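Asks: all I have is the shape, not the residue letters:
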């Protein structure tokens, strides 16, 4: 007999997390940069949370950013091994957070776990700050996860595009390329991280910050719908490419699209860090 599976929204509020922490077996992942933030009591972490690091755990160490960008995806079998070390199996309920409104590594981990086929994964809306606001305690106790078998994975199941595919999209007016970097980087006014300023031709700029309310939480779903329906102009999400500087904050917008009920857009993992190192056309201004 077939059983229906209720689709889980990609965001969970701090209030809902506080209610579920004592009554269910949730695996909580702290995805902030650096173990010092996780371990210090002054910043601390949510009780029971285990720490992951963007550069060590969610990225394959790049040998050449011109071939894959600054944060290429790791081998999926290595990621499956990491999930097992974190105690995550296919039935686990997982919540991940950072302290950058999901834009640091929480949304990247969400996307990667979703890309294994995992369904029960959510990002804490508003991050660690929201947890503290609703009274979830902060601790410096180091958690050693209960290791399980490697997560069974063999390929990434969410859509990505290669540099060659983005080159084609850059001259195809039927394609939509969304650059989620801050406007000054898109316009080419300055570039604080990569070698060249500007943007991919044919790309539009919807900074990931537009996904957020002033308090650092995501906009209500209906406002996200309005934002992205206007930008997509009734196009199929499969024709949409999302990128950022190196494939991390792009996941923030992919999460926003899913929260808005528009799943299926492509992630360009190499992003501007790859494009800008390959002697390809660069656009400036609007």
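Replies: On my side now, so go ahead. Computed from a predicted structure; not experimentally measured. Numbers count the residues shown, from 1 in each chain.
Asks: give the burial count for residue 107, as a bare number.
Replies: The number of residues packed near residue 107 is 28, by other C-beta atoms under 10 Å. (Glycine included, C-beta is placed from N, CA and C.)
Asks: quick one, what contacts it?
Replies: Counting by C-beta atoms under 8 Å, 6 or more residues apart in numbering, residue 107 touches 123, 248-249, 251-252, 254-255.
Asks: kindly check the end-to-end length of stretch 148-168 for me.
Replies: Taking C-alpha to C-alpha, to the nearest Å as the measure, stretch 148-168 stretches 43 Å from start to finish.
Asks: name the nearest of the contacts of residue 107 relative to residue 169.
Replies: residue 254 (16.3 Å; C-beta to C-beta).
Asks: look at the closest one and give its secondary structure.
Replies: At residue 254 the chain is in helix, as set by DSSP: H, G, I helix; E, B strand; the rest coil.
Asks: isn't it up against residue 267?
Replies: Yes. Between residue 254 and residue 267 there is a contact under C-beta atoms under 8 Å: 6.1 Å.
Asks: need the residues touching each of those two.
Replies: Residues touching both residue 254 and residue 267 by C-beta under 8 Å, 6+ apart: 111, 242.
Asks: which one's more surrounded, those two?
Replies: Using other C-beta under 10 Å, the more surrounded residue of residue 254 and residue 267 is residue 254, with 29 against 24.
Asks: what's near enough to touch the more buried one?
Replies: If a contact means C-beta under 8 Å, 6+ apart, then residue 254 has 107, 111, 242, 265, 267 as its contacts.
Asks: do the same with residue 266
Replies: With contacts defined as C-beta under 8 Å, 6+ apart, residue 266 is in contact with 159-161, 238, 240-242.
Asks: if we use 10 Å, what do you get?
Replies: Under the criterion of C-beta atoms under 10 Å, 6 or more residues apart in numbering, the neighbours of residue 266 are 158-161, 165-166, 169, 175, 177, 237-243, 250, 254.
Asks: quick one: least confident helix or strand in the protein?
Replies: Counting by mean pLDDT, DSSP states H and E, the chain has its least confident helix or strand at helix 35-39, which shows a mean of 64.
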